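For reference, the sequence and a predicted model appear below.
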Amino acid sequence: MKNVFDVLKERGYIAQVTHEDDLRERMAKDPITFYIGFDATAESLHLGHYVQIMVMMHMQNAGHRPVVLLGGGTTMVGDPSGKTDMRKMLTPDQIQHNAMRFKEQFERFLDFSPGKAILVDNAEWLLGLNYIEFLRKVGRHFSINRMLSAECYKARLEQGLTFLEFNYMIMQAYDFLELYRRYDCQMQMGGDDQWSNILAGYELIRKVENGNSYALTFQLLTTSEGTKMGKTESGALWLDPDKTSPYEFYQYLRNVDDRDVEKTLKLLTFLPLDEIDELCSVEGVELNKAKERLAYEATKIVHGEEEANKAQEAAKKVFGGGLAEDLPTTEFKETDLTKGKDVLSLLTETELVPSRSEARRLVQQGGITINDEKVTDINYVIDQEAFVEGSLLIKKGKKTYHRVVIK
């Protein structure tokens, strides 16, 4: 079997790593326990997390042991990495609720049977820390000058970095030390925006335990234009089917830019590299086959084969001129339409757009079609007569479809 380190490198996951040759050799010899942390800032994981999940699956399939670290403690502080404003403060109950939702989702991707994978919450050790003792034992190993030069703090320094957020790096480093002691966890992995935080844990283990460990980051999922992939007009692309339907998930990946197809096939699917090369050896319209394969394979991993088949069939029906049953759907009561509903309200209530101002812009620019008729009047009202056999089809732009039905 090929060394999984080589697999991750060939598929384009790896961004930075400490002691590359040593780590590659170490991973070829014996199973290694590694971890990735996930702060519970929302009710669902999203497309950016999916890249990290793929890495964990590659590693577990090669015999290594993942530790999924839920950030019940670190979420109380908030990671300033890549942020220009302080993160929204969540209550302990909200954080624990989100963490439990994460746990349910991870169980779909990883095998948590004994010896295979571990799921643990850092609230277990962080929330009970004695502050003075923690500063004396851990804080003394951190240089303020070095911390302030870290990439994860730079954007926040100009806006005003709070002391609360400043503690985040030390807490994440302590997580690595704790997992090293508890589970012989020798490697921390994460997105490349976490490099400074991960290095801090790597160095803390060396200073406190005189131990060997490794730090590895992987590429952030971005478009060819450098923007984060997975951002839609209605928000993030969630892995929870109740927040982003399997069809919406499928359609997002089906519509990626031509320049991003090969990269996303390597990162978001398990297709062999030679098959990906063949799929991506064409240009123009012929590349649609590769996009359909990307959307299908990723949807199958996230939502299962049945939902992937439904999404694929729904897409074929829509683009073939039919109305599919598996489209994203919003239900209205007859009483909701007694006096009619203006188009701006319809677009926001179906969550096709995040605000009325965005709905107004789309309508005025000709970006909304209802039942094959373009709507350009922001005062346009939809009533029950607009529904055909209790159903109405909205198209936003060229590729986003949504069905509205009357209960």
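That came through, no problem. Numbering: from 1, shown residues only.

per-domain residue ranges of the chain.
4-218, 231-319, 329-406 (automatic domain parsing).

CSV for these, including mean neighbour count?
Using the backbone N, CA and C atoms, a C-beta is placed for each residue, glycine as well. Putting those into CSV (neighbours: other C-beta atoms under 10 Å) gives the following:
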stretch, mean neighbour count
domain 4-218, 18
domain 231-319, 18
domain 329-406, 16
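
of those domains, which approaches E225 most closely?
Nearest to E225 among the domains of the chain is domain 231-319; the distance by C-beta to C-beta comes to 8.0 Å.

follow-up on the earlier one: among the domains of the chain, show the one with the smallest mean pLDDT.
Per-stretch mean pLDDT for those is lowest at domain 329-406 (a mean of 85).

what distance separates it from the centre of its chain?
Domain 329-406 sits 29 Å away from the centroid of its parent chain (C-alpha atoms, centre = their mean, to the nearest Å).

got the end-to-end distance for that domain?
11 Å (C-alpha to C-alpha, to the nearest Å).

Then stretch 384-402?
End residues of stretch 384-402 are separated by 17 Å (C-alpha to C-alpha).

For the residue lying closest to I170 once chain neighbours are set aside, give me its contacts.
Ranked by C-beta to C-beta, 6 or more residues apart in numbering and with sequence neighbours excluded, the top spatial neighbour of I170 is F142, at 5.8 Å. When contacts are counted by C-beta atoms under 8 Å, 6 or more residues apart in numbering, F142 is found next to M169, I170, A173, A200.

Need the max-distance pair from those.
I170 and A200 (7.3 Å).

Adding distance to S224, write the domains of the chain out as a markdown table.
Output for the domains of the chain, formatted as a markdown table (distance: least, C-beta to C-beta, whole Å):
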| stretch | distance to S224 |
| --- | --- |
| domain 4-218 | 13 |
| domain 231-319 | 4 |
| domain 329-406 | 18 |
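
Leaving out sequence neighbours, find the closest residue to S345.
Using C-beta to C-beta, 6+ apart and skipping the chain neighbours, the partner closest in space to S345 is R356 (7.8 Å).

I meant D184, not that one.
Per C-beta to C-beta, 6+ apart, closest to D184 is T33, 5.7 Å.

distance between the ends of stretch 108-120?
End-to-end for stretch 108-120, by C-alpha to C-alpha: 16 Å.

what about that stretch, distance to the chain center?
With C-alpha atoms, centre = their mean, you get 20 Å for stretch 108-120.

Please name every helix or strand in contact with the one helix or strand K103 maps to.
Under the criterion of DSSP states H and E, K103 resides in helix 92-106. Judged by 3 or more C-beta pairs under 8 Å, 6 or more residues apart in numbering; DSSP states H and E, helix 92-106 is in contact with strand 65-70, strand 118-121, helix 123-126.

Quick one, which of these gets closest to P246.
Nearest to P246 among the helices and strands packed on helix 92-106 is strand 65-70 (23.1 Å), distances taken as C-beta to C-beta.

what's that closest one in contact with?
Residues contacting strand 65-70 (C-beta under 8 Å, 6+ apart): 31-38, 40, 56, 59-60, 99, 102-103, 106, 110, 115-123, 175, 179, 183, 185.

Using CSV, list the CA coordinates for it.
Listed next in CSV are the C-alpha coordinates belonging to strand 65-70 (Å, rounded to 0.1, in the frame of the first residue of the first chain):
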residue,chain,number,x,y,z
ARG,A,65,-6.0,6.7,14.4
PRO,A,66,-7.9,10.1,14.2
VAL,A,67,-8.8,12.1,17.3
VAL,A,68,-11.8,14.4,16.7
LEU,A,69,-11.4,17.2,19.2
LEU,A,70,-14.6,19.1,19.8
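
Can you give the contact residues for the helix holding K103?
With C-beta under 8 Å, 6+ apart, helix 92-106 has contacts from 38, 40-45, 53, 68, 70-72, 75-76, 90, 112, 119, 121, 123, 239-240.
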